[in-house]
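> Provided below are the primary sequence and the corresponding predicted coordinates.
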Amino acid sequence: MSLLQTPSLLMYNKMLKSLADGKSFTKVLALFGELRGQGLYPDNFTLPVVLKSIGRLRKVIEGEKVHGYAVKAGLEFDSYVSNSLMGMYASLGKIEITHKVFDEMPQRDVVSWNGLISSYVGNGRFEDAIGVFKRMSQESNLKFDEGTIVSTLSACSALKNLEIGERIYRFVVTEFEMSVRIGNALVDMFCKCGCLDKARAVFDSMRDKNVKCWTSMVFGYVSTGRIDEARVLFERSPVKDVVLWTAMMNGYVQFNRFDEALELFRCMQTAGIRPDNFVLVSLLTGCAQTGALEQGKWIHGYINENRVTVDKVVGTALVDMYAKCGCIETALEVFYEIKERDTASWTSLIYGLAMNGMSGRALDLYYEMENVGVRLDAITFVAVLTACNHGGFVAEGRKIFHSMTERHNVQPKSEHCSCLIDLLCRAGLLDEAEELIDKMRGESDETLVPVYCSLLSAARNYGNVKIAERVAEKLEKVEVSDSSAHTLLASVYASANRWEDVTNVRRKMKDLGIRKFPGCSSIEIDGVGHEFIVGDDLLSHPKMDEINSMLHQTTNLMLDLEHKEIDS
């Protein structure tokens with residue numbers, strides 16, 4: 001077929017390109033159908049535009065038809081068409097066919113190699129992307145371009161592959177020019193690999209930086225806990241978009257510096273940057289973690305006043321915040337106001353009800369969730385088994401645990417087994433609990449120690465010395481760094497008057513450098529958090545004398561009431 005275009009085909013090709021540039025992909029396919037109806041034969045200028053549109057629309061059958069035409073017309077080996085076929089199949093998620101098209105190409109240019117690398121990156125197959133990069137280095141004389149470098153560095157960032165990342169960095173320094181895109185990719189890669197000094201060196205060497213580069217560097221400092229350095233860099237950034245503000249706020253939330261996160265949020269408003277839902281979810285998460293109810297209410301008020309759409313993500317964050325702050329009725333109100341409730345929304349409320357002592361309502365909500373057909377996931381079952389545990393619903397707990405595999409195709413994990421074991425232990429069903437633990441033998445010591453401790457505690461409470469001794473023997477074979485396991489073990493031995501064993505346990509704790517850490521609790525009053533540490537009465541709180549006095553008065557009052565009830 002002649003490569004010369006007929007005037008009619010030339011006109012169609014121009015119209016197709018114009019429609020594709022305007023993202024009118026459905027119209028591209030309609031016009032392509034008209035072109036074929038006119039008896040015209042698409043060429044190597046027509047097909048790439050059509051293939052791109054098919055990929056964007058995810059029309060698999062149409063893509064296969066156009067591929068078939070390309071083969072019949074002898075165009076599949078045209079590099080422009082082949083590269084477009086690869087791009088289309090990558091967009092359709094058909095990565096194996098993408099690779100097959102690549103392998104069948106008689107000649108590959110840099111675009112072909114870049115297309116395959118970026119296809120693997122786009123589909124989350126980062127090891128394969130690195131493999132193609134290595135193959136390109138070995139089989140091809142082609143020189144890497146910006147696309148090769150940026151795509152491969154993305155894979156290195158995801159895999160934390162410092163070796164390949166540094167190899168590319170050396171190539172850029174010696175044989176390439178540092179563009180903004182490449183600089184951004186290098187900064188991101190070094191940050192993700194934990195090499196902040198190298199990331200900062202690249203960052204400082206860049207003549208031009210966009211806000212993405214500043215964000216990557218700030219995120220690097222945040223992710224390693226260097227919050228103050230992140231804030232200094234944040235303030236230096238000439239341009240701050242919502243992503244950069246979010247990165248800095250997330251850092252404060254992540255490291256429990258919630259007041260500073262809230263102060264930054266107010267600065268963001270002053271700067272005229274409208275927060276997106278990610279910012280609001282981050283702040284609400286911080287409120288939930290710290291029990292900062294007043295700040296959470298303020299953020300909820302901001303959402304209402306500014307008519308922010310409460311989608312399922314924001315709604316779930318609000319439910320979680322109110323539930324964890326003890327306002328379960330408000331959490332219920334917010335939940336039923338969410339128009340589209342997903343698995344996370346239902347799960348958050350089930351868990352919130354369980355943690356607020358409303359296990360019966362949590363179970364009712366679970367069955368409601370099941371009836372309306374919402375997908376149940378592993379986290380949902382942790383929440384509902386927690387509810388059974390707190391409510392002492394042994395029969396329901398067993399039934400729900402077994403339904404995971406029998407009805408919902410969810411494989412129980414250590415968290416689910418731990419919930420059921422704890423429930424059985426509380427109910428005194430120690431033999432059944434021990435049988436379930438024996439089925440978990442393949443789990444790590446880190447997973448097994450807490451369930452052993454549950455069983456050991458129950459054995460002590462129910463006076464079952466035989467089980468206590470069996471668990472003690474198993475714990476002695478494990479390198480346990482948790483002080484509670486050793487403390488329980490010593491307590492069991494003490495109950496059995498085995499004082500030499502008590503001494504041995506305490507000696508082992510000392511040899512392993514294990515010490516019992518004091519308990520800690522906190523409460524928020526009028527927006528201010530107060531923390532209390534066991535055994536540190538004088539230093540825990542400046543008003544400890546008044547607190548102790550009030551506690552003494554309250555105790556006496558309760559004792560008086562108890563005596564009056566007994567007398568009456």
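Ah, there it is.

> any weak-confidence spans in the stretch 351-500 of the chain?
Applying pLDDT under 70 to the stretch 351-500 of the chain picks out residues 445, 476-486.

> now do the helices in it.
Along the stretch 351-500 of the chain, the stretches classed as helices by DSSP state H, counting those that start in this stretch are 359-371, 378-391, 394-406, 414-426, 430-438, 445-461, 465-476, 483-495, 499-511.

> any chance of CSV for those, columns mean neighbour count and distance to Arg207?
C-beta: built from backbone N, CA, C; applies to glycine. Below are the helices of the stretch 351-500 of the chain laid out as CSV (neighbours: other Cβ atoms under 10 Å; distance: least, Cβ to Cβ, whole Å):
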stretch, mean neighbour count, distance to Arg207
helix 359-371, 18, 55
helix 378-391, 23, 47
helix 394-406, 16, 57
helix 414-426, 22, 50
helix 430-438, 17, 62
helix 445-461, 20, 48
helix 465-476, 18, 61
helix 483-495, 19, 55
helix 499-511, 14, 58
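
> out of those helices, which is closest to Lys240?
Closest of the helices of the stretch 351-500 of the chain to Lys240 is helix 378-391, at 34.5 Å (criterion: Cβ to Cβ).

> using PDB, write down the CA coordinates of that closest one.
In PDB, the C-alpha atoms belonging to helix 378-391 read as follows (Å, rounded to 0.1, in the frame of the first residue of the first chain):
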ATOM      1  CA  ALA A 378     -10.500  -8.600  56.900                       C
ATOM      2  CA  ILE A 379     -10.600  -5.400  58.900                       C
ATOM      3  CA  THR A 380     -14.400  -5.700  59.200                       C
ATOM      4  CA  PHE A 381     -14.000  -9.000  60.900                       C
ATOM      5  CA  VAL A 382     -11.400  -7.700  63.300                       C
ATOM      6  CA  ALA A 383     -13.900  -5.000  64.300                       C
ATOM      7  CA  VAL A 384     -16.900  -7.400  64.800                       C
ATOM      8  CA  LEU A 385     -14.800 -10.000  66.600                       C
ATOM      9  CA  THR A 386     -13.600  -7.200  68.900                       C
ATOM     10  CA  ALA A 387     -17.200  -6.400  69.600                       C
ATOM     11  CA  CYS A 388     -17.900 -10.100  70.400                       C
ATOM     12  CA  ASN A 389     -14.800 -10.000  72.700                       C
ATOM     13  CA  HIS A 390     -15.900  -6.900  74.600                       C
ATOM     14  CA  GLY A 391     -19.500  -8.200  74.900                       C
END
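
> quick one, that helix and helix 359-371 angle?
Counting by axes from the mean of the first three to the mean of the last three Cα atoms, to 10 degrees, helix 378-391 lies at 150 degrees to helix 359-371.

> what helices or strands is helix 378-391 leaning on?
Applying 3 or more Cβ pairs under 8 Å, 6 or more residues apart in numbering; DSSP states H and E, we find helix 378-391 packed against helix 343-355, helix 359-371, helix 394-406, helix 414-426.

> closest one to Asn497 among those helices?
helix 414-426 (23.9 Å).

> residues contacting that closest one, please?
Helix 414-426 is touched from outside by 378, 381-382, 385-386, 388-389, 392-394, 397-398, 401, 404, 430, 432-433, 436-437, 439-440, 443, 447, 450-451, 454-455, 457-458, with contacts defined as Cβ atoms under 8 Å, 6 or more residues apart in numbering.

> tell me the contacts of Leu92?
The contact partners of Leu92, by Cβ under 8 Å, 6+ apart, come to Ile54, Gly55, Arg58, Val60, Gly63.

> just the buried residues of those.
Neighbour-count burial (16 or more other Cβ atoms under 10 Å) applied to the contacts of Leu92 gives Ile54, Gly55, Gly63.

> could you tell me which of those residues are located in helices?
Ile54, Gly55, Gly63 (DSSP state H).

> can you tell me which of these comes closest to Thr316?
Closest to Thr316, out of all of those and judged by Cβ to Cβ, is Gly55, at 32.8 Å.

> look up the closest residue to the closest one, ignoring the ones flanking it.
Spatial nearest neighbour of Gly55, excluding adjacent residues (Cβ to Cβ, 6 or more residues apart in numbering): Ser91 at 3.2 Å.
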